[in-house]
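Novice: Next comes the sequence, and after it the predicted model I'd like to discuss.
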Amino acid sequence: GASKEKYATESSAMTSTYVSFNATRRSNARFAFVAACALTAAIVAGVLLVTTEASPMQSGIRTSARPTMGIRHMPGANFGGLSRRQGCKNANLRSIFSSAAFELPPLPWDKEALKPHMSPETIDFHYGKHHAAYVNKINDIVTGTDKESKSLTELILEEKSGGLFNSAAQAYNHEFFWKCLSPSGGGQPSGAIAEAITKDFGSFEEFKKAYDAAAVGHFGSGWVWLVKDGSGKLSIMDTHDAETPITKGLTPILTTDVWEHAYYIDYRNARPKYISDGWWNLVNWDFANENYAA
């Protein structure tokens, strides 16, 4: 009887030990699994963070590790409401390790915002390919030279012609053009610019007629501008290729890009329709007022 009782006691103790061992093993396994999941989540989060910071996507432009110098202010000069320093937000990089002097400035609105007058596809090509290509070309030319530290306006006014001038002026013209467009634009102007247009052109209708004639009638590639001279008088001028009014000491108020890449996707070769259905429905009179007052 004593032997059976002793055996039962020992057997019970062994069973308890086995159960305790298994419980501990399961607990350890659960802890290891939770720890592994937490570690995996941390690694994934780190990778996403690095990817997000290092590889933002937009077409055709390099990024820079330092602050950018898109269009900077020059003392005593007025260049029509462009920012003093421009950064590149959402840029596709040629090389993540590049250090570009100039970067593609962000658009002032979402690429979907100008529909139906200007399509996202036009923005993708015009901004993401053409505008970006000019910025990249500037960097190809100035990197490693004393021109690397200069602003766009300095390059434009110093170069006056040639490849670097063309790329810098086109980068400048395009940045200005995007700000001339607004999802809430169009219609007739108000405020000081409206008064100045009436004073210098007779009426808004006469101004619009003259602007249409310049935009539709411009031969080849270029730009049409509303500009202000030193006395405050407004006039319309057209420039060929990359030319820009700041080389003539004039203040840009508004511009229309009449290069075919500005409208061919949406309007094919119908430039008059681009002007009537596109430009006049998007023109940013608030921006024009800012530039006129500057």
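Specialist: Good, I have the coordinates.
Novice: so where do the helices sit in the protein?
Specialist: For the chain, the helices defined by DSSP state H occupy 2-54, 120-125, 132-142, 152-159, 163-179, 192-201, 204-217, 264-267, 271-273, 280-282, 285-293.
Novice: other SSEs contacting the fifth one?
Specialist: Counting by 3 or more C-beta pairs under 8 Å, 6 or more residues apart in numbering; DSSP states H and E, the packing neighbours recorded for helix 163-179 are helix 132-142, helix 152-159, strand 251-257. Placement of C-beta: from N, CA and C, glycine included.
Novice: So which of those has the densest surroundings on average?
Specialist: Greatest average neighbour count among these goes to strand 251-257 (a mean of 25), per mean count of other C-beta atoms under 10 Å.
Novice: Need the mean per-residue confidence for it.
Specialist: Averaging pLDDT along strand 251-257 gives 98.
Novice: Repeat that for stretch 131-139.
Specialist: 97.
Novice: Go ahead and produce CSV holding the CA coordinates of it.
Specialist: Output in CSV follows, covering the C-alpha atoms of stretch 131-139 (Å, rounded to 0.1, in the frame of the first residue of the first chain):
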residue,chain,number,x,y,z
HIS,A,131,10.1,71.8,-67.6
ALA,A,132,12.1,69.2,-65.8
ALA,A,133,14.4,68.7,-68.7
TYR,A,134,15.4,72.4,-68.7
VAL,A,135,16.2,72.2,-65.0
ASN,A,136,18.3,69.0,-65.5
LYS,A,137,20.1,70.7,-68.4
ILE,A,138,21.0,73.7,-66.2
ASN,A,139,22.5,71.3,-63.7
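Novice: Please shift the residue numbers so they start at 299 in all later answers.
Specialist: Got it, the first residue is 299 from now on, which makes the last one we talked about stretch 429-437.
Novice: re earlier: and the helices of the chain, which one's lowest on average pLDDT?
Specialist: Across the helices of the chain, helix 300-352 has the smallest mean pLDDT, namely a mean of 50.
Novice: before we move on, back to that, nearest to F463 among the helices and strands packed on helix 461-477 would be which one?
Specialist: Closest to F463 of the helices and strands packed on helix 461-477 is helix 450-457 (C-beta to C-beta; 3.7 Å).
Novice: And that closest one, what does it pack against?
Specialist: Counting contacts by 3+ C-beta pairs under 8 Å, 6+ apart, helix 450-457 is packed against helix 430-440, helix 461-477.
Novice: what angle separates the first one from helix 461-477?
Specialist: Following axes from the mean of the first three to the mean of the last three C-alpha atoms, to 10 degrees, one obtains 150 degrees for the angle between helix 430-440 and helix 461-477.
Novice: Just the angle for helix 430-440 relative to helix 450-457, thanks.
Specialist: For helix 430-440 against helix 450-457, the angle by the same axes, to 10 degrees is 60 degrees.
Novice: so who does V556 touch?
Specialist: 513, 516, 519-522, 536, 569 (C-beta atoms under 8 Å, 6 or more residues apart in numbering).
Novice: This completes my enquiry, with thanks.
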